[in-house]
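Peer 1: Have a look; sequence and predicted model below, questions after that.
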Amino acid sequence: MGIEVLRIFFRFIILVLVQVVLLNNIRLGGYINPYIYVLFVMLLPVRTPKTLLLILSFALGLTVDVFSNTLGLHAAATVFAGFARPGILRALSPREGYEADSSPTIKQMGLQWFIIYCVVMVLSHHIVLFFVEVFRFSEFFSTLTRAFLSSIVTIIIIFISQFLFGSTKTSK
Amino acid sequence: MRNLFLFLWRNNFLLLFLILEGLSVFLMVENNKYHNASFLNSANKISATIYSAVNSVTQYLYLKENNEWLATENVKLRMMLPSNKIDTTTKSSLIKDTLFNQQYVFVNARVINGTVNKRNNYLTLDRGYNAGIAPEMGVVTDKGIVGIVKDVSPNFSTVISFLHIKSKVSARFKNSNYFGSLVWEDNNNPTTATLKDIPKHVVFKTGDTLVTTSFSNVYPENIFLGTVKSSEIKPGDNFYTITVRLSTDFYSLTHVYVVKDLLKEEQKQLEAKQDGN
């Protein structure tokens, strides 16, 4: 349990650093900003208390906000992703339910399950993020395009990171 | 009352979600004001230290361009040295110039963090109020405008880039004095902006130069903004919609100047009196 908490803590710091130092500087055609830090919310253990999930999401979003001078923006989107997560997990739950100490990873839930989970989570985060950022509907389709293109890149990066580093997280 | 508490307790997840979202929106609204004493931005100690460290590495990537840029600047300045000029006066004495007083003072700064690819972009500079920088000062380069200072800490400041949904700069044609407002709207391209409010009858050509007007109390007059790239009149509209190629290269911003208007307070006080009546 203690090791799991420590691992989650380091995942938080590493994801925030990767996001603000590396990915915030990526420029792909003026459209695409991958926001990989949402992976932190995705990988929390299934049995994380719901209120703790929301508070961690808010803390994560606010930390990214402080670094990118957009106070409240990432917090709003990440809290929404945290709010959506229990519903998404329920909708995707396997026939026999989740094991007591499982985490939503490729290793534990299978590749096909993780693809669907990843796509739904990333889209729910990115769409809220991009629309809150623009805060008007007059640029509806251009914002939607940006959200979708960025989601695709985020999902690809998440998969690469999961194949590179995911295997170490199997020990219980 | 008991039922109300029971209801809140049963829906505490939804309630907490609404509270946190509300808090986020509140922070966002607060953050969009120019004057706020918030320390939760990239000018605070921890994030500014991290950005400085990263910047001390990444600046090596642009060393060549920067050297060239500084060398050109040096040549320009060297030509202004008194020793390179011929003295045409016969008698030299100190003259206090009463015809021209200094209005604008420039402070140089380095960009240590910034984006160009978001809908709203911000920059962080390595100078703060210790260097005399205050909110609402303009930021320019030798090529054009960059943005407006938002927050300052002792050694750092954050800047709202011109590449922002709320940016609006008064611009005029250099050769005809017709003016309009330059905005960064409906386009995600950091190299262009849109010029609005130029009436139908104005004559101009592609490639015409745009400069700042004297209306702004952020930027000095006649700062280069960009050139006309293309123009159209939307059906039923009486004004041109002009696409402008920005002269500032936001991709390679490293050294900028912060503009301090020495007469701003005087102008503001006078105008405030007018509003009071």
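Peer 2: Now that the structure is in, tell me what you want to look at. Numbers count the residues shown, from 1 in each chain, chains lettered A, B, ... in the order given.
Peer 1: CA only for contacts and neighbour counts going forward, please
Peer 2: OK.
Peer 1: Regarding chain A, what is its longest helix?
Peer 2: Of all the elements of type helix in chain A, the one with the most residues (DSSP state H) is helix A:140-165.
Peer 1: Repeat that for chain B.
Peer 2: For chain B, the helix reaching the highest residue count under DSSP H is reported as helix B:12-31.
Peer 1: The longest helix of chain A packs against which elements?
Peer 2: Where contact means 3 or more CA pairs under 8 Å, 6 or more residues apart in numbering or on different chains; DSSP states H and E, helix A:140-165 is packed against helix A:111-134.
Peer 1: for the helix it packs on, which positions count as buried?
Peer 2: By neighbour count, with 16 or more other CA atoms under 10 Å in any protein chain shown as the criterion, the buried positions of helix A:111-134 are A:113-114, A:117-118, A:120-134.
Peer 1: what's next to the lowest-mean-pLDDT helix or strand in chain B, contact-wise?
Peer 2: Within chain B, judged by mean pLDDT, DSSP states H and E, the helix or strand with the poorest mean is helix B:2-10; its value is a mean of 75. The contact list for helix B:2-10 (CA atoms under 8 Å, 6 or more residues apart in numbering or on different chains) reads B:L15.
Peer 1: got the angle between it and helix B:12-31?
Peer 2: Angle, helix B:2-10 to helix B:12-31, by axes from the mean of the first three to the mean of the last three CA atoms, to 10 degrees: 80 degrees.
Peer 1: Spell out which residues of chain B are next to chain A.
Peer 2: With the criterion set to CA under 8 Å from any CA of the partner chain, chain B comes near chain A through B:12-14, B:16-17, B:20-21, B:23-28, B:31, B:40-42, B:47, B:51, B:54, B:114-120, B:122, B:165, B:186, B:188-190.
Peer 1: what's across from B:T124 in the sheet?
Peer 2: For B:T124, the beta-bridge partners under DSSP bridges are B:N113, B:T158.
Peer 1: Buried residues of the helix or strand in which A:I8 is found, list them for me.
Peer 2: Using DSSP states H and E, the element containing A:I8 is helix A:2-17. Of the residues in helix A:2-17, those scored as buried under the neighbour-count criterion (16+ other CA under 10 Å) are A:8, A:11-12, A:15-17.
Peer 1: other SSEs contacting it?
Peer 2: Under the contact criterion of 3+ CA pairs under 8 Å, 6+ apart, the helices and strands touching helix A:2-17 comprise helix A:39-43, helix A:50-68.
Peer 1: Just the CA coordinates for that helix, please, in CSV.
Peer 2: C-alpha atoms of helix A:2-17 as CSV (Å, rounded to 0.1, in the frame of the first residue of the first chain):
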residue,chain,number,x,y,z
GLY,A,2,2.8,2.4,1.0
ILE,A,3,4.7,1.6,-2.1
GLU,A,4,1.6,2.1,-4.3
VAL,A,5,1.1,5.6,-2.7
LEU,A,6,4.7,6.5,-3.4
ARG,A,7,4.5,5.3,-7.0
ILE,A,8,1.4,7.4,-7.5
PHE,A,9,3.2,10.4,-6.0
PHE,A,10,6.2,10.0,-8.4
ARG,A,11,3.9,9.4,-11.3
PHE,A,12,2.2,12.8,-10.5
ILE,A,13,5.6,14.7,-10.5
ILE,A,14,7.0,13.0,-13.6
LEU,A,15,3.8,13.5,-15.6
VAL,A,16,3.6,17.2,-14.6
LEU,A,17,7.3,17.7,-15.5
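Peer 1: Run through chain A and note the low-pLDDT ranges.
Peer 2: For chain A, the stretches flagged by pLDDT under 70 are A:1, A:27, A:30, A:166-172.
Peer 1: Closest to the centroid, which residue in it?
Peer 2: Closest to where the C-alpha atoms of chain A average out (CA atoms, centre = their mean) is A:V38, at 1.9 Å.
Peer 1: Now do the same contact list for it.
Peer 2: Residues A:78, A:81, A:122, A:125 are the ones in contact with A:V38 under the rule CA under 8 Å, 6+ apart.
Peer 1: ok, 10 Å please
Peer 2: A:12, A:15-16, A:19, A:57, A:60-61, A:74, A:77-78, A:81-82, A:118, A:121-122, A:125-126, A:154, A:158 (CA atoms under 10 Å, 6 or more residues apart in numbering or on different chains).
Peer 1: Roughly how far does the residue in chain A that chain B sits nearest to sit from B:L8?
Peer 2: Of chain A, the residue with the smallest distance to chain B, taken as CA to the nearest CA, is A:G72 at 4.2 Å. Taking CA to CA, to the nearest Å as the criterion, A:G72 is separated from B:L8 by 25 Å.
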